[in-house]
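1. With the input below, show me the fold.
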Amino acid sequence: MSKFKKKNKVKENIPTSALPDIIFMLLFFFMVTTVLRENDMLVEQKIPQATQLQKLEKKTLISYLYIGKPKNTSLYGTEPRIQANDALITTGDIILWVNQEKDKLSEAERDMITISLKADREVKMGPISDIQFELREVDARRVLYASVGKVQN
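-> Model prediction:
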């Protein structure tokens, strides 16, 4: 009989030299694509509750106006202010702001723009009425009043 030789077992190691490169590529990808916060809040927000809610289909057509008391009262006072994007504006600037927001949309979607009013529950109706009048002037008639959740009956 012949003698059988034992074959040496070959160690199959997984090459790990490329793993740090892959991890850093993934980390960089998520850092670039993640949106943490769109707007810095300059006004206080305590959103009221609603009795009827409706979910929107296309959120790209929504532009937000925040109304409330400024967080920095020493600089901006205690009267309710309007925040559009990351800047405080007056009611006279609303027409210019809406036109800028419409310019960001395509030609077909400009008439479908929806303005979302996120007003603090302590804000009186006077400033909100002024905003509604300015929105009518610029033909932004789709107005959404944001709320936190449904009131339990």
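
2. per-residue confidence at Leu19?
-> In this model, Leu19 is scored at 85, pLDDT.

3. same check, this time on Phe133
-> On the pLDDT scale, Phe133 gets 93.

4. Heading C-terminal from the strand or helix carrying it, find the next helix or strand.
-> Using DSSP states H and E, Phe133 sits in helix 125-137. As assigned by DSSP H and E, the chain's next helix or strand after helix 125-137 is strand 142-145.

5. how far out from the middle of the chain is the least confident helix or strand in the chain by mean pLDDT?
-> Lowest on mean pLDDT, DSSP states H and E among the helices and strands of the chain sits helix 73-76, with a mean of 83. Mean-position distance between helix 73-76 and its chain equals 25 Å (C-alpha atoms, centre = their mean, to the nearest Å).

6. Would you mark the buried spots in the longest helix along the chain?
-> The helix that spans the most residues within the chain, counting by DSSP state H, is helix 19-33. Within helix 19-33, no residue is scored as buried using 16 or more other C-beta atoms under 10 Å. Any C-beta I mention is one placed from the backbone N, CA and C, and that applies to glycine too.

7. likewise stretch 83-90?
-> Neighbour counts using 16+ other C-beta under 10 Å place Gln83, Ala84, Leu88 of stretch 83-90 among the buried residues.

8. With adjacent residues omitted, what lies nearest to the second one?
-> Read it as Ala84. Leaving aside its chain neighbours, Ala84 sits nearest to Trp97 (4.8 Å; criterion: C-beta to C-beta, 6 or more residues apart in numbering).

9. what about the one you found, is that helix, strand or coil?
-> When classified by DSSP: H, G, I helix; E, B strand; the rest coil, Trp97 comes out as helix.

10. so it touches Ile89, yeah?
-> Yes: judged on C-beta atoms under 8 Å, Trp97 makes contact with Ile89 at a distance of 6.1 Å.

11. Can you give the distance of the longest helix of the chain from its chain's centre?
-> That offset, for helix 19-33, works out to 25 Å (C-alpha atoms, centre = their mean).

12. i'd like the first residue to be 19 from this point on
-> Sure thing, new numbering starts at 19, so read that last one as helix 37-51.
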